[in-house]
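> this one's structure only:
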């Protein structure tokens, strides 16, 4: 599967993979809905006569080969420790990853049993060793910062994101002074990347994996899965094995702000350039709700992404200005730029 595949279209590569997996068996192929990341496409493949299913992810050859290799290595490691789907084929040179199909679905809000199952999965992930080259999050964060600076310098109507980037960088620098524990983190626990098969939790999509503060994953999950009050407390306590300390609660508050700002900035860079100019005079009615990925009928994918980016950025800035974040920053002695 590695030779001669670098410039083969995704559909041709898919046909080759399907035939190699189950020669001569009749297959049903279903494309997953389009995502904001056009450099990768994903398909579900079913062999009805054999009672077998898998997922095929095909990464475009425009993606840096080292990043594809790191993403596929992460998928294999997640599978090995039992927090991600089994991997049948990982071919970074050919840009093809084949995984077991998980008969699960996202949940927002997640139920208490689902939240507790995810806490156990994240504890297992964060307690595992990681390969030194699994640092996809850091490279993507740096690329996003560069792009956002370029966009905000060129377009005055994106001034909100200039503020969001300044706050993100300042908050991240402040949190770095805490010398918090580091662990292998998923770093992209939006609702679509956590699947629940009954009360069992599985993690998918591994292109932001890297070392970081494990409470970043926890804070993201609390917000992404809409865990509130008692459910949030039980989720955090299950993960830690005890109630959170005041310092940990303060970290979680500030990491929640960081995650919201990060999603707002990242989403902005995914809006196609030809669509971005349509929103030079956006108003409050175009601000989406953070982590709510429902796409209204008739809305373009680019429009949906921009709406979400506004939702994340505005909520992140508002939360950072709130009293809980200010109290958390004071407790941890982190100066805020607000």
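That came through fine. Because the structure is predicted, anything quoted here is derived from the model rather than measured.
> packing partners of the lengthiest helix in the chain?
When the chain is parsed with DSSP state H, its longest helix is helix 246-269. Secondary-structure packing of helix 246-269 (3 or more Cβ pairs under 8 Å, 6 or more residues apart in numbering; DSSP states H and E): helix 136-154, helix 159-176, helix 214-224, helix 229-240, helix 301-321, helix 323-332. In short, each C-beta sits where N, CA and C put it, glycine included.
> pretty sure residue 286 is touching residue 308, no?
No. Using Cβ atoms under 8 Å, residue 286 is not in contact with residue 308, being 10.5 Å away.
> the more surrounded of those two?
residue 308 (26 against 13; other Cβ atoms under 10 Å).
> relative to residue 305, how far out is the spatially closest residue to the more buried one that is not a sequence neighbour?
Using Cβ to Cβ, 6 or more residues apart in numbering and skipping residues adjacent in sequence, the residue nearest residue 308 is residue 288, 4.7 Å away. As for residue 288, its distance to residue 305 is 9 Å (criterion: Cβ to Cβ, to the nearest Å).
> and residue 100, by the same measure?
29 Å.
> what's the answer for residue 110, then?
24 Å.
> do the same with residue 150
Taking Cβ to Cβ, one finds residue 150 at 18 Å from residue 305.
> check residue 62 too.
Remark: distance between residue 62 and residue 305 (Cβ to Cβ) = 19 Å.
> between these two, who's got more neighbours?
Neighbour totals were compared for residue 62 and residue 305, and residue 305 leads with 25 against 8 (other Cβ under 10 Å).
> tell me who's in contact with that one.
Residues in contact with residue 305 (Cβ atoms under 8 Å, 6 or more residues apart in numbering) are 36, 267, 270-271.
> run through the stretch 1-150 of the chain and note the low-pLDDT ranges.
Scanning the stretch 1-150 of the chain for pLDDT under 70 picks out 1-9, 132.
> now the strands for it?
Using DSSP state E, counting those that start in this stretch, the strands of the stretch 1-150 of the chain run over 28-31, 40-47, 52-59, 87-91, 96-100.
> adding distance to residue 233 and mean neighbour count, write those strands out as a markdown table.
Formatted as a markdown table, the strands of the stretch 1-150 of the chain follow (distance: least, Cβ to Cβ, whole Å; neighbours: other Cβ atoms under 10 Å):
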| stretch | distance to residue 233 | mean neighbour count |
| --- | --- | --- |
| strand 28-31 | 39 | 11 |
| strand 40-47 | 35 | 18 |
| strand 52-59 | 34 | 21 |
| strand 87-91 | 35 | 17 |
| strand 96-100 | 33 | 22 |
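> Throw these into TSV and include distance to residue 215, thanks.
Shown next, in TSV, are the strands of the stretch 1-150 of the chain (distance: least, Cβ to Cβ, whole Å):
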stretch	distance to residue 215
strand 28-31	36
strand 40-47	28
strand 52-59	29
strand 87-91	28
strand 96-100	28
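> of all the ones you listed, which one is nearest residue 117?
strand 96-100 (18.0 Å; Cβ to Cβ).
> for the residue nearest to residue 308, what are phi and psi?
As for residue 288, its main-chain torsions (degrees, to the nearest 10) stand at phi -80, psi -180.
> hang on, isn't it packed against residue 313?
No. Applying Cβ under 8 Å, one finds residue 288 not in contact with residue 313, separated by 10.2 Å.
> if we can go back for a sec, which of the helices and strands packed on helix 246-269 is buried the deepest?
Of all these, helix 214-224 carries the top mean neighbour count, a mean of 25, counting by mean count of other Cβ atoms under 10 Å.
> helices or strands up against it?
Going by 3+ Cβ pairs under 8 Å, 6+ apart, helix 214-224 lies up against helix 112-126, strand 183-185, helix 229-240, helix 246-269.
> run through who's touching it.
Contacts for helix 214-224 (Cβ under 8 Å, 6+ apart): 108, 118, 122, 125-126, 180-183, 185-191, 194, 227, 232, 235-236, 239, 248, 251-253, 255-256, 258-260, 290-291.
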